[in-house]
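S.K.: pasting the structure only:
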């Protein structure tokens, strides 16, 4: 079964509103990677988190790894139409690789 | 910038035909993945290789699918015989150990 669950599946926001997607696991994760896939495109790596409680920022994007390393979040402040796409989390342990189901973000101008 | 190269970009063929998809990973990456993406199933891991050795192909229907890595610069995914339900986008990705995966542009496959 899938090791990481991602919510929500879909999110519609008005341009300028914030957006958050969550990745949860019942087991401790070694790491978390986040990807963005634009419509018609391929997943593009955004960031990797490996430390408990780690927080990383990329402009308007904030990535967090939970203290227990069982969850992670991606937060976008003041969304723009260029943020449209599907955001995936991914984790790997041993020889197993797991992608979340993705959160599809629609930004309404 | 180094990138993963996949060929062909698009493929339309009739059911029963053999389909071969190719991938050139980024030089120096030791892990190569094959994924299938559909609207219904999302992103599915079919198989992956580390240092050219197959490590996991449990996500792949083995009766018709096969994945190989004849050398460090080429990975292949074959479907024989193809069926309409195989229609999807197939992505190859490469990476170094447990770091980022770098995806190719994908092969958009349609089986009629």
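M.R.: Yes, it's here. Since the model is a prediction, treat every value here as computed from it, not as a measurement.
S.K.: surely residue A:82 is in a helix?
M.R.: Yes: read with DSSP: H, G, I helix; E, B strand; the rest coil, residue A:82 is one of the residues of a helix.
S.K.: so what's the residue count around it?
M.R.: With neighbours defined by other CB atoms under 10 Å in any protein chain shown, the count for residue A:82 comes to 8. Glycine gets a C-beta too; all of them are placed from N, C-alpha and C.
S.K.: is any part of stretch A:24-36 close to chain B?
M.R.: Yes: for stretch A:24-36, a contact with chain B is found by CB under 8 Å from any CB of the partner chain, at A:30, A:31, A:33, A:35.
S.K.: centre of the chain to that stretch, how far?
M.R.: Put simply, stretch A:24-36 sits 9 Å off its chain's centre (CA atoms, centre = their mean, to the nearest Å).
S.K.: measure it end to end?
M.R.: Length of stretch A:24-36, first residue to last, CA to CA, to the nearest Å: 18 Å.
S.K.: rewinding a little: give me the buried entries from the residues of stretch A:24-36 next to chain B.
M.R.: Among the residues of stretch A:24-36 next to chain B, those classed as buried by 16 or more other CB atoms under 10 Å in any protein chain shown are A:31, A:33, A:35.
S.K.: does the first one touch residue A:50 like I think?
M.R.: This points to residue A:31. Yes: at 4.7 Å, residue A:31 counts as touching residue A:50 under the criterion of CB atoms under 8 Å.
S.K.: got the contact list for the worst-scoring helix or strand of chain A on mean pLDDT?
M.R.: With mean pLDDT, DSSP states H and E as the measure, the helix or strand of chain A carrying the lowest mean pLDDT is strand A:96-99 (a mean of 87). Identification of contacts with strand A:96-99 by CB atoms under 8 Å, 6 or more residues apart in numbering or on different chains yields A:2-4, A:88-92, B:33, B:42-43, B:45, B:48, B:56.
S.K.: buried residues in it?
M.R.: Residues of strand A:96-99 classed as buried by neighbour count (16+ other CB under 10 Å): A:97, A:98, A:99.
S.K.: can you list the residues of chain B near chain A?
M.R.: Near chain A, when you scan chain B using CB under 8 Å from any CB, you find B:33, B:42-43, B:45, B:48, B:50, B:55-56, B:91, B:93, B:98-106.
S.K.: among these, which ones are in strands?
M.R.: Assignment to strands by DSSP state E places the following of these there: B:33, B:42-43, B:45, B:48, B:50, B:55-56, B:91, B:93, B:101-103.
S.K.: in chain A, which spans are helices?
M.R.: Counting by DSSP state H, chain A has no helices to list.
S.K.: check contacts around residue A:45.
M.R.: Under the criterion of CB under 8 Å, 6+ apart, the contact list for residue A:45 reads A:33, A:34, A:35, B:100, B:101, B:102.
S.K.: what's the answer for residue A:74, then?
M.R.: A:20, A:21, A:34, A:46, A:61, A:62, A:63, A:87, A:89.
S.K.: out of these, who's the most crowded?
M.R.: Counting neighbours by other CB under 10 Å, the top entry in the contacts of residue A:74 is residue A:89, with 30 neighbours.
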